[in-house]
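Undergrad: just to be clear, the model below is a prediction. Sequence and coordinates:
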Amino acid sequence: MKKLTSLILVTALMLGTLAGCGRSEDPEAYVPTGDALLMEGEDPAKLEPEREPQVVTLAWDPSRSMNPLIGNNISNRVLFSLMYQGLFAVSSDNESFPILCSHYQVSSDNRAYTYYIDNRARFSDGSPVTANDVLTSLETAKASKYYGGRFVQVIAMETVRDDSLGEEGVRITLNTAYQDFSMLMDIPILKANEVETDFPVGTGAYTFVERTNGAVLVRNPNWWCERPIPVRAETVALVEVDSQTELRDQFEFGDVSLAVANPLSDSYAEYRCDYELWNTDAGYFMYLGLNVLYSDYFKDGANMNLRKNLTYAIDRESIIENNFRGMAYPATLAASPGSPYYSSGLAEKYEYDDLKFIGNVGSFEPIKDEKHNVKKLRLLVNCDDSARLRTARDIAAALTNMGVPTGTLEYGGSTATKYEDVLAAGNYEMYLGKTRLSRNMDLSPFFKGYGSLHYGGMTNDELYEMCRMSLADRGNYYDLHQMLAEDARIVPILFGYETVFAKRGEFDNLAPSRDNVFFYTLGRTMSDIQIKTDYGK
């Protein structure tokens, strides 16, 4: 009887097993989740898979300033994005995110912005960030070459306090309505008494420490933000470099994890190893500036037909390919093609067309001297920059071949007369300029009276007023660029970007933006912190 019972049980088990083989998955079937491995009281939502420790090495140049308000070394500025914070951080899409700013107000006429300081914000030494720290940092930035262009429309800055918020802040008053002003307030904030020191403390996740065996960045264990960022190593080793070539070599053959380069720079070194690559819009603007004030060819409105048609004579694609390794954006408008202010449809109207140029300026008559010799148009260029020098020579040769005799004036640091002195004196017809525009592509420094870029008589009230209208409403940039193309005292050529090279897989969620390689947010948006107001009517 026992044998029979055993046989029945075995047979039943086999049939059950066979029946399960061809059956579709039971939706109620148990699926292991790992919850059984949790200790009593543990929350599975708070557990993350353990990751390998991150090892990061970055480059720095000890001979250049480590003060973020004045230092412009491209390697040192990579470190600044880990050490310092601004009122806002701005993404590669030009979207602003609050960092040190807890609340902000805008007057009804968009001429006054008030930014309140997060009471939790602390410098790495534990001291709180005050409105005076912010005000002093912004005043120092206004006086600097690196950030000064952002303050062209600023007429006053002062500290304020809102007792209902229990917060202090800074109010900035402008001479015009300004739609995107907060985008410019990613300027690093320093302690008021350290704005001119070489190694000021910041509010970022890392602090700079010099040790006997070299400098390092050390993670601040009491960082006030407590947010994940692309760098999570406790210590970041620093390697000294003094050139772009040395930086490239340390990245390709050494331990450096990330490098940033400017392809428009004369010192740019090409990278050939395996890497991840980002191109970040940097606002570098190369253009022809016409001397409409002193040149016999262009003063008093002379040769307007030639001026308006110069845009068709410039083969931007070839210039970029031959002189900048193809690493720039051709531009016929005075805004980066990667920005929201650039109209591709309008830009197409002013693209290179040599036949159109020849047809439109065929009646051009060059000026002759008393001996009946043709006076060439003189194109001034800084010969210290070999790529810009080649570009100027290419443009001069192209114009000459199309019936407009043009030569170059080549001055620089190695010549008896300096380029800057000739530029200011105005003894030329055109100059090949290079500058850096702000994120919102503000052209006011060209056209405002005694503006920082007024060389050759750029000052123009109508164009400056159109700049102000564009700042008030970004929809007016189309009209500004069209007006400038018809006036043609500036002929855009290209915009440059910076290249970010990172060793593959080294960083989590890296999303570089302009001047902020290790961009991150605190999980808040501008709409989250805006205080509706009707002041300023």
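TA: Sure thing, it's come through.
Undergrad: help me confirm that residue 132 is found in a strand?
TA: No - read with DSSP: H, G, I helix; E, B strand; the rest coil, residue 132 is helix and lies in no strand.
Undergrad: excluding its backbone neighbours, what's nearest residue 222?
TA: Counting by Cβ to Cβ, 6 or more residues apart in numbering, residue 222 lies nearest to residue 126, which is 6.9 Å off, once chain neighbours are set aside. Heads up, the C-betas are built off the backbone N, CA and C, glycines and all.
Undergrad: looking at it, that neighbour is touching residue 223, isn't it?
TA: No - using Cβ atoms under 8 Å as the test, residue 126 is too far from residue 223 to be in contact (10.9 Å).
Undergrad: that older thread, okay, and the residue nearest to residue 222 sits in which element?
TA: In the assignment (DSSP states H and E), residue 126 maps to no helix and no strand.
Undergrad: residues near it, how many?
TA: Counted by other Cβ atoms under 10 Å, the residues lying close to residue 126 total 10.
Undergrad: mind checking how far it is from residue 218?
TA: Applying Cβ to Cβ, to the nearest Å, one obtains 15 Å for the distance of residue 126 from residue 218.
Undergrad: how about residue 313?
TA: Distance from residue 313 to residue 218, counting by Cβ to Cβ: 55 Å.
Undergrad: of those two, who's got more company?
TA: With neighbours defined as other Cβ under 10 Å, residue 313 and residue 218 compare such that residue 313 has more, 25 against 16.
Undergrad: excluding chain neighbours, what is closest to the more buried one?
TA: Using Cβ to Cβ, 6+ apart and skipping residues adjacent in sequence, the residue nearest residue 313 is residue 357, 4.5 Å away.
Undergrad: tell me where the stretch 301-450 of the chain has helices.
TA: 304-309, 316-323, 344-348, 354-360, 386-401, 419-425, 444-447 (DSSP state H, counting those that start in this stretch).
Undergrad: distance of the residue nearest to residue 222 from residue 142?
TA: When distances are taken as Cβ to Cβ, residue 126 and residue 142 turn out to be 28 Å apart.
Undergrad: ok, the residue nearest to residue 313 - how many residues close by?
TA: For residue 357, the number of neighbouring residues by other Cβ under 10 Å comes to 22.
Undergrad: how near is it to residue 511?
TA: With distances defined as Cβ to Cβ, the gap from residue 357 to residue 511 amounts to 42 Å.
Undergrad: what's the answer for residue 242, then?
TA: Taking Cβ to Cβ as the criterion, residue 242 is separated from residue 511 by 29 Å.
Undergrad: between these two, which is the more surrounded one?
TA: Under the neighbour definition other Cβ under 10 Å, residue 242 and residue 511 were set side by side, and residue 511 has more, 17 against 14.
Undergrad: helix, strand, or coil at the more buried one?
TA: Using three-state DSSP, the three-state assignment for residue 511 comes out as coil.
Undergrad: was I right to think it contacts residue 519?
TA: Yes - distance between residue 511 and residue 519: 5.3 Å, which falls inside the contact criterion (Cβ under 8 Å).
Undergrad: mutual contacts of the two, please.
TA: Here residue 511 and residue 519 have 91-92 as joint contacts, going by Cβ atoms under 8 Å, 6 or more residues apart in numbering.
Undergrad: lowest mean pLDDT among the helices and strands of the chain, which one is it?
TA: helix 2-21 (a mean of 42; mean pLDDT, DSSP states H and E).
Undergrad: quick one, what contacts residue 115?
TA: Residue 115 neighbours (Cβ under 8 Å, 6+ apart): 87, 101, 104, 134, 169-172, 182, 185.
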